[in-house]
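Q: Provided below for reference: sequence and predicted model.
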Amino acid sequence: MSVFQKLVLASGSPRRIELLQQAGIEPDRIVPADVDETPQRAEHPRSLAKRLSREKADKALEKLSKDSEWEGGYILAADTVVAVGRRILPKAELVDEASNCLRLLSGRSHRVYSGVCLITPSGKVRQKLVESRVRFKRLSREELESYLASGQWRGKAGGYAIQGLAGAFVVKLVGSYTNVVGLPLYETVNLLAGDGYKVYFNWLSGTRAA
C-alpha cells in the first residue's frame with residue numbers, strides 16, 4: 001500500500017482501535033493527542049465534541065509534520081461527550097465523580113455526542129458530529145455500588161462503558177451504538193471512503209480473519 005494510504009489514529013483509546021479493527025481497518029500508527037478537554041464557558045456539548053476532535057487531529061498533524069515518512073497520510077481523531085441537557089459529564093477518574101454521574105443518569109435519558117475529524121492527504125478537514133440518545137433504568141443502591149466496585153467506569157465519559165457491565169442499565173438507545181462506545185463506525189467509514197481511503201482493502205484481500 002502506498003504512503004498515501006497510511007492511516008494515523010490520533011487516539012490511544014483501546015475501544016476506538018477495536019472498533020476500527022471491527023470494520024477491517026488497521027491504523028498504521030497510533031499518535032495519542034492529549035488536549036485540554038475543559039469545556040469553554042457556556043459551550044454546548046455538541047460544540048465541545050466537534051472542537052476537541054479537530055484539536056486532536058491538528059495536534060497529531062503537528063507531531064507528524066517533521067516526519068517525511070508520514071507525509072500524505074490520513075489522520076483520524078474523535079472525541080465523545082456525555083451530557084444531560086447542556087450539562088457535560090466528566091470522564092470519571094475518581095469514584096466520587098463516577099458515583100455522581102451514575103446518580104444523575106439513573107432513571108433518565110441522556111445524550112452522547114461524538115465528533116469525528118479526518119485530515120486528508122491533501123490537507124482537507126472533514127468532520128462529522130453524531131448524536132445518540134440513551135435511557136438508563138433506575139439504579140438500585142446495590143447496582144450502583146457493584147458497578148463502582150467493578151472499576152469499569154474509570155476514564156469513561158459519563159462514568160460508564162456501554163460495552164461492559166453498564167450495558168445492563170440501558171433501557172433504550174436511539175441512534176448509533178458504536179457512537180456510545182466511542183467511535184461511530186458508519187460515519188467514520190463513510191468519511192474515510194469518501195476521501196479515497198481503501199476501507200474495503202482487507203475485506204477483499206481476506207487478510208483479516210473474522
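A: Yep, that arrived.

Q: Doesn't residue 82 lie inside a strand?
A: Yes: under DSSP: H, G, I helix; E, B strand; the rest coil, residue 82 falls within a strand.

Q: What does the pLDDT read for it?
A: Looking at residue 82, its pLDDT is 98.

Q: what's near enough to touch it?
A: 45, 88, 89, 101, 110, 111, 112, 113, 157, 158 (CB atoms under 8 Å, 6 or more residues apart in numbering). Quick note: C-beta positions are derived from backbone N, CA and C, even for glycine.

Q: now residue 177
A: Per CB under 8 Å, 6+ apart, neighbours of residue 177: 132, 162.

Q: quick one: it and residue 95, what's the gap?
A: 27 Å (CB to CB, to the nearest Å).

Q: In this protein, spot the helix with the most residues.
A: helix 45-64 (DSSP state H).

Q: just to revisit the earlier point, nearest to residue 32 among the contacts of residue 82?
A: Distances from residue 32 to these, taken as CB to CB, are shortest for residue 157 (16.3 Å).

Q: For that closest one, which non-adjacent residue is spatially closest?
A: Of all residues beyond its chain neighbours, the one nearest residue 157 is residue 82 (4.4 Å), with distances taken as CB to CB, 6 or more residues apart in numbering.

Q: same question, residue 198
A: residue 5 (5.9 Å).

Q: mind pulling up the phi and psi values for residue 74?
A: phi -90, psi 140 (degrees, to the nearest 10).

Q: Hmm, I typed the wrong one, I wanted residue 131.
A: phi -120, psi 130.

Q: Please apply the same query to residue 7.
A: With angles defined as degrees, to the nearest 10, residue 7 sits at phi -120, psi 130.

Q: looking at it, it is touching residue 23, isn't it?
A: No: in this structure, residue 7 is not within contact of residue 23 by CB atoms under 8 Å, at 11.7 Å.

Q: any residues in contact with both of those two?
A: The contact lists of residue 7 and residue 23 share no entry, where a contact means CB under 8 Å, 6+ apart.

Q: Can you add neighbour count and pLDDT and give the contacts of residue 82 back as TSV?
A: Compiled in TSV, the contacts of residue 82 are given as follows (neighbours: other CB atoms under 10 Å; pLDDT from 0 to 100):
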residue	neighbour count	pLDDT
45	22	97
88	20	97
89	24	97
101	23	98
110	20	98
111	18	98
112	27	98
113	23	98
157	24	94
158	28	96
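
Q: Next one, pLDDT for the residue positioned nearest the centre of the chain please.
A: Among the residues of the chain, the one closest to the centroid is residue 182, at 3.0 Å (CA atoms, centre = their mean). For residue 182, the pLDDT comes out at 94.

Q: circling back to that earlier point, can you list the contacts of residue 82 in a markdown table and add secondary structure and distance to residue 31?
A: Listed next are these as a markdown table, based on DSSP: H, G, I helix; E, B strand; the rest coil; distance: CB to CB, whole Å:
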| residue | secondary structure | distance to residue 31 |
| --- | --- | --- |
| 45 | helix | 25 |
| 88 | strand | 25 |
| 89 | coil | 27 |
| 101 | helix | 29 |
| 110 | strand | 30 |
| 111 | strand | 29 |
| 112 | strand | 25 |
| 113 | strand | 23 |
| 157 | strand | 21 |
| 158 | coil | 26 |
